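Chemist: need coordinates for the following:
(one chain, ligands or ions: 1)
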Amino acid sequence: MNQPTYLVIGNPIAHSKSPQIHAAFAAQFAGRAEVADFAYDRLLAPIDAFAAAVAQFAENGGKGANVTVPFKEEAFRLSVARTDRAEAAGAVNTLKLLPDGGLLGDNTDGAGLVADVLRHIEVRGRRILLLGAGGAARGVILPLLAQAPQSLILANRTVAKAEQLIAHFQAATTIPLAACEYAAIEGEFDLVINATSASLGGERLPIANSIFAPNALAYDMMYGKDETPFLAQAREAGVSLRVDGLGMLVGQAAEAFEVWTGLRPDVEPVLAMMRAQL
Ligand code: NDP
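Modeler: Below you'll find the model as predicted:
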């Protein structure tokens with residue numbers, strides 16, 4: 001196979017669903033000049049050779065790349081230009097080759113999450129509880145604040161990390177923000193987002209059932225064939241609106257596809273296809 005024009009680069013990478021998602025998006029625009037040379041593949045980059053892999057891809061005519069674990073911060077540093085949302089996230093998941101050969105770094109994870117949440121509830125005026133203060137949480141804060149929620153509370157096991165993030169973002173918004181540990185969460189919330197990796201280990205979070213407001217949306221960034229531990233917790237707390245992160249995955253891919261091609265794909269059929277394949 002000739003070198004593809006688009007890649008997802010990570011380590012490990014074999015599990016990535018991005019090639020299927022982007023192939024389905026490109027098929028929606030068959031015949032259009034913007035996707036005439038669209039070919040998307042995975043690339044396993046050695047842990048210490050991400051920059052070299054990107055340079056070679058660019059040299060061979062690559063146009064854009066998605067970046068996943070563990071290279072998002074390195075992609076941020078490699079980018080000569082960055083979008084505001086990449087700056088806010090401190091990480092890059094989408095690279096676009098600029099005409100002068102430099103790299104534009106973007107981060108579409110937050111936009112993917114917000115687009116998926118908005119398919120279920122309005123965020124404007126709502127109370128948000130974000131659980132976790134790692135890279136994924138950091139990347140979604142600015143796009144969530146752009147929806148003008150009433151407030152956003154960030155809870156994390158290591159509370160100092162949540163406090164740092166809140167101090168950073170509070171400087172740029174009048175929306176009330178606060179950080180706390182799980183045991184200190186007070187009140188109820190309309191949107192509760194799990195951005196921790198606790199579900200990966202099958203672990204539950206030490207949160208009370210009372211944090212969910214009536215008609216709350218419980219959103220887990222994790223997804224899988226089976227119900228995640230966080231969504232099981234939410235179900236047992238009586239929450240009927242429960243959504244996993246597959247829509248966020250497809251949504252961030254749709255944003256990246258648009259960054260590269262200028263074309264906005266239809267997420268719904270691709271999400272349904274990916275759901276059927278879980
Ligand atoms: P990080 O490693 O950067 O952060 C992990 C977070 O989880 C930290 O807040 C950490 O708390 C917390 N945590 C880990 N284990 C536990 C536990 N047992 N109990 C309580 N808290 C815990 O990971 P990311 O931010 O990159 O990813 C977080 C999740 O989001 C992952 O499950 C990932 O798969 C998912 N994700 C999904 C995406 C999608 O498209 N659907 C996109 C990006 C991420 P502490 O600071 O105290 O260690």
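Chemist: and the closest residue to the ligand within the chain, what does it touch?
Modeler: The ligand sits closest to Gly134 of the chain, with a gap of 1.9 Å, by CB to the nearest ligand atom. Where you see a C-beta, it was placed from the backbone N, CA and C, and this is true even at glycine. Taking CB atoms under 8 Å, 6 or more residues apart in numbering, we find Gly134 in contact with 161, 195-197.
Chemist: tell me how far the residue nearest the centre of the chain lies from Gly10.
Modeler: For the chain, the residue sitting closest to the mean C-alpha position, by CA atoms, centre = their mean, is Asp109 at 2.5 Å. Distance from Asp109 to Gly10, counting by CB to CB, to the nearest Å: 14 Å.
Chemist: show the backbone phi and psi for the residue nearest to the centre of the chain.
Modeler: In terms of degrees, to the nearest 10, the main-chain angles of Asp109 are phi -60, psi -50.
Chemist: poorly predicted segments of this protein, please.
Modeler: Applying pLDDT under 70 to the chain flags the ranges 1-2.
Chemist: mind checking if the helix ranked longest in it is in reach of the ligand?
Modeler: When the chain is parsed with DSSP state H, its longest helix is helix 246-261. Yes. Contact of helix 246-261 with the ligand (CB under 6 Å from any ligand atom) involves 248-249, 252.
Chemist: cool, stretch 227-245 as well?
Modeler: Yes. Stretch 227-245 is in contact with the ligand by CB under 6 Å from any ligand atom, via Gly245.
Chemist: what sits up against that stretch?
Modeler: Applying CB under 8 Å, 6+ apart, the contact partners of stretch 227-245 are 113, 116-117, 120-121, 131, 192, 194, 198-199, 202-205, 207, 209, 212, 215-224.
Chemist: can you say which of the residues you listed are buried?
Modeler: Of the members of the contacts of stretch 227-245, the ones counted as buried by neighbours, 16 or more other CB atoms under 10 Å, are 113, 116-117, 121, 131, 192, 194, 198-199, 205, 207, 212, 216-223.
Chemist: so which helix or strand takes in the nearest residue to Glu188 once chain neighbours are set aside?
Modeler: Nearest residue to Glu188, sequence neighbours excluded (CB to CB, 6 or more residues apart in numbering): Ala213, at 4.1 Å. Assigned by DSSP states H and E, Ala213 falls within strand 212-220.
Chemist: and that strand with helix 246-261, angle?
Modeler: Interaxial angle, strand 212-220 versus helix 246-261 (axes from the mean of the first three to the mean of the last three CA atoms, to 10 degrees): 60 degrees.
Chemist: partners of strand 212-220 in the sheet?
Modeler: Next to strand 212-220 in the sheet, as set by DSSP bridges, lie strand 189-194 (parallel), strand 241-244 (parallel).
Chemist: what residues sit buried inside the shortest one?
Modeler: Judged by neighbour count (16+ other CB under 10 Å), strand 241-244 contains these buried residues: 242-244.
Chemist: what does the chain have sitting close to the ligand?
Modeler: 109, 132-137, 156-158, 161, 195-198, 200-201, 203, 205, 221-223, 245, 248-249, 252.
Chemist: can you tell me which of these are in strands?
Modeler: Per DSSP state E, strands hold no members of the residues of the chain next to the ligand.
Chemist: correct me, but Arg264 touches Gly251?
Modeler: No. When contacts are counted by CB atoms under 8 Å, Arg264 is not listed as touching Gly251 (11.5 Å).
Chemist: of these two, who's got more company?
Modeler: Between Arg264 and Gly251, counting by other CB atoms under 10 Å, Gly251 is the more crowded of the two (26 against 13).
Chemist: who touches that one in this structure?
Modeler: Contact analysis of Gly251 by CB under 8 Å, 6+ apart lists 108, 111-113, 115-116, 267.
Chemist: secondary structure element for the closest residue in space to it that isn't next to it in sequence, which one?
Modeler: Distances taken as CB to CB, 6+ apart put Gly112 closest to Gly251, at 3.2 Å, once the chain neighbours are dropped. Using DSSP H and E, Gly112 sits in helix 109-118.
Chemist: check Ala234 too.
Modeler: Using DSSP H and E, Ala234 sits within helix 229-236.
Chemist: same check, this time on Phe76
Modeler: In this assignment (DSSP H and E), Phe76 forms part of helix 72-78.
Chemist: cool, and Val8?
Modeler: Per DSSP H and E, the secondary structure element for Val8 is strand 6-10.
Chemist: that strand: partners in the sheet, and parallel or antiparallel?
Modeler: Short version: by DSSP bridges, strand 6-10 pairs with strand 40-44 (parallel), strand 64-67 (parallel).
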